[in-house]
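J.: Here's a sequence, model it:
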Amino acid sequence: MPLTDLPLEQLREYRPEVAEPVDFDSFWQQTVDEARAAGGEATLVPARTPIRELIVEDLTFPGFGGEPVKAWVTRPHVAGPLPVVIEYNGYNGGRGVAGEKLQWAAAGFVHVFMDTRGQGSGWGTGGDTPDPHGSAASVPGFMTRGISDPMDYYYRRLFTDGVRLVDAVRLMPFVDATRIAVSGASQGGGIALAVAALVPDLVAVMPDVPFLCHFRRSVQLTPDQPFQEITRYLAVHRDQDERVFHTLSYFDGVNFARRITAPTLFSVALMDGIVLPSSVFAAFNHLAAEEREITVYEYNGHEGGQTHQWVRQAEWLASRLAP
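T.: Numbering: from 1, shown residues only. Next up is the predicted model:
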């Protein structure tokens with residue numbers, strides 16, 4: 001497929017003005033404070049798996065509203081405390097089967113892979129976390145659930161789950177709470193950006209081809225799903241565009257990027273029809289972080305760098321954790 005967006009030299013300078021609500025920070029502070037006040041205890045039990053060379057555990061932790069959210073914790077058979085990589089998943093994927101993701105643990109990290117509430121039936125091997133919240137009129141999928149009000153929007157709950165997972169991980173006895181990184185591809189990259197903005201003392205942020213950035217441009221120009229869920233919604237709700245984009249401004253990765261100070265490694269694919277390269281660069285170019293890098297895959301679509309990018313991440317992260 002051809003390039004889907006601007007030439008690379010223009011992308012490197014692309015720094016658009018993106019609407020930011022005046023109460024952005026207070027909205028998220030209130031949201032996170034309420035989730036923490038809801039309480040709940042995390043539980044960690046051995047997972048049912050034939051894997052023996054690594055420890056695989058089943059985590060349940062309190063997310064948005066104290067509601068239970070699942071995750072897998074995979075780690076080496078060595079004494080801690082160990083550095084951690086928390087990973088968030090792509091759109092409509094679930095945490096899958098215990099032991100599916102072993103690379104980070106095999107590299108010496110505690111790997112925590114969060115389930116995505118309500119998702120997990122679009123690809124992969126399933127999810128285990130319900131989203132016990134309804135929605136007003138919406139297009140099939142998750143992009144328009146609660147979109148008429150930021151308090152009700154689906155991603156308010158999902159991003160809060162991501163923050164609360166960091167809280168739970170910090171309390172694990174085998175974890176070095178000063179060396180926690182967040183990562184994820186596509187939707188997972190968008191979650192990682194939000195979490196990194198809301199949890200300022202992370203050691204690193206590693207979003208791959210991150211989704212959920214520069215919403216207005218993405219909704220208007222992205223050729224493929226799932227941004228088109230919003231396009232279809234607006235095609236029916238013809239008088240709701242300002243309300244919709246006001247809601248989305250609370251969840252835009254560009255606005256989160258403005259608040260990220262941790263070292264950050266992005267990736268982008270220039271033939272991506274699901275996440276426009278310009279939306280990725282919009283977030284990258286607004287980062288508050290002084291230490292930031294972006295890996296460009298010129299001839300790839302939304303798959304991005306895959307294992308090539310993981311190797312790049314592992315080397316980059318190890319260099320930042322070295323004594």
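J.: per-residue confidence at Met1?
T.: Looking at Met1, its pLDDT is 56.
J.: I'd like to know which elements the helix or strand containing Thr74 is packed against.
T.: Using DSSP states H and E, Thr74 sits in strand 68-75. Packing partners of strand 68-75 (3 or more Cβ pairs under 8 Å, 6 or more residues apart in numbering; DSSP states H and E): strand 55-62, helix 103-106, strand 110-114, helix 154-170. For every residue, glycine as well, the C-beta is placed using N, CA and C.
J.: Dump the ones you listed into CSV; add mean neighbour count and mean pLDDT as well.
T.: Output for those, formatted as CSV (neighbours: other Cβ atoms under 10 Å; pLDDT from 0 to 100):
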stretch, mean neighbour count, mean pLDDT
strand 55-62, 21, 98
helix 103-106, 20, 98
strand 110-114, 27, 98
helix 154-170, 23, 98
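J.: Okay, angle between the strand holding Thr74 and helix 154-170 too, please.
T.: 40 degrees (axes from the mean of the first three to the mean of the last three Cα atoms, to 10 degrees).
J.: hey, C-alpha coordinates of strand 68-75 in PDB?
T.: What follows is strand 68-75, C-alpha atoms only, in PDB (Å, rounded to 0.1, in the frame of the first residue of the first chain):
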ATOM      1  CA  PRO A  68     -12.000  -6.000  39.200                       C
ATOM      2  CA  VAL A  69      -9.600  -6.100  36.300                       C
ATOM      3  CA  LYS A  70      -7.500  -9.000  35.200                       C
ATOM      4  CA  ALA A  71      -3.800  -9.200  34.200                       C
ATOM      5  CA  TRP A  72      -1.000 -11.700  33.700                       C
ATOM      6  CA  VAL A  73       2.200 -11.300  35.700                       C
ATOM      7  CA  THR A  74       5.200 -13.200  34.200                       C
ATOM      8  CA  ARG A  75       8.600 -13.100  35.800                       C
END
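J.: Tell me the strands beside that strand, with direction?
T.: Sheet pairing of strand 68-75 (DSSP bridges) gives strand 55-62 (antiparallel), strand 110-114 (antiparallel).
J.: Please export the C-alpha coordinates of the last one as PDB.
T.: Listed next in PDB are the C-alpha coordinates belonging to strand 110-114 (Å, rounded to 0.1, in the frame of the first residue of the first chain):
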ATOM      1  CA  VAL A 110       8.600  -8.500  35.500                       C
ATOM      2  CA  HIS A 111       6.000  -8.400  32.700                       C
ATOM      3  CA  VAL A 112       2.500  -7.300  33.500                       C
ATOM      4  CA  PHE A 113      -0.100  -7.600  30.700                       C
ATOM      5  CA  MET A 114      -3.400  -5.900  31.400                       C
END
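J.: one step back: give me the mean pLDDT for the strand holding Thr74.
T.: When pLDDT is averaged along strand 68-75, the result is 98.
J.: Please apply the same query to stretch 313-323.
T.: Averaging pLDDT along stretch 313-323 gives 89.
J.: sorry, back to before: and the strands paired with strand 68-75 as JSON lines, adding distance to Leu202?
T.: Compiled in JSON lines, these are given as follows (distance: least, Cβ to Cβ, whole Å):
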{"stretch": "strand 55-62", "distance to Leu202": "17"}
{"stretch": "strand 110-114", "distance to Leu202": "13"}
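J.: same for the top strand by length along the chain, what does it pack against?
T.: Ranked by residue count under DSSP state E, the longest strand found in the chain is strand 175-185. The elements that strand 175-185 packs onto, with contact taken as 3+ Cβ pairs under 8 Å, 6+ apart, are strand 82-88, helix 154-170, helix 187-198, strand 204-208, helix 307-321.
J.: Excluding chain neighbours, what is closest to Thr178?
T.: Spatial nearest neighbour of Thr178, chain neighbours left out: Val203 (7.1 Å); criterion: Cβ to Cβ, 6 or more residues apart in numbering.
J.: Do I have it right that that neighbour meets Pro263?
T.: Yes - with contact defined as Cβ atoms under 8 Å, Val203 reaches Pro263; the gap is 7.5 Å.
J.: Now for the two: what residues contact both?
T.: Taking Cβ atoms under 8 Å, 6 or more residues apart in numbering as the contact rule, Val203 and Pro263 both touch Arg320.
J.: for this protein, what are the low-confidence residue spans?
T.: For the chain, applying pLDDT under 70 flags the ranges 1-2, 323.
J.: Just want the most central residue of it.
T.: Ile191 (2.1 Å; Cα atoms, centre = their mean).
J.: how much space between it and Gln30?
T.: According to Cβ to Cβ, to the nearest Å, Ile191 stands 19 Å off from Gln30.
J.: Mind listing what's buried along the longest strand of the chain?
T.: Neighbour counts over strand 175-185 (16 or more other Cβ atoms under 10 Å) mark Val175, Asp176, Arg179, Ile180, Ala181, Val182, Ser183, Gly184, Ala185 as buried.
J.: now swap in stretch 309-323 and tell me
T.: For stretch 309-323, the neighbour count (16+ other Cβ under 10 Å) marks Gln309, Trp310, Arg312, Gln313, Ala314, Trp316, Leu317 as buried.
J.: returning to what we had before: so which of the helices and strands packed on strand 175-185 comes closest to Glu242?
T.: helix 154-170 (18.9 Å; Cβ to Cβ).
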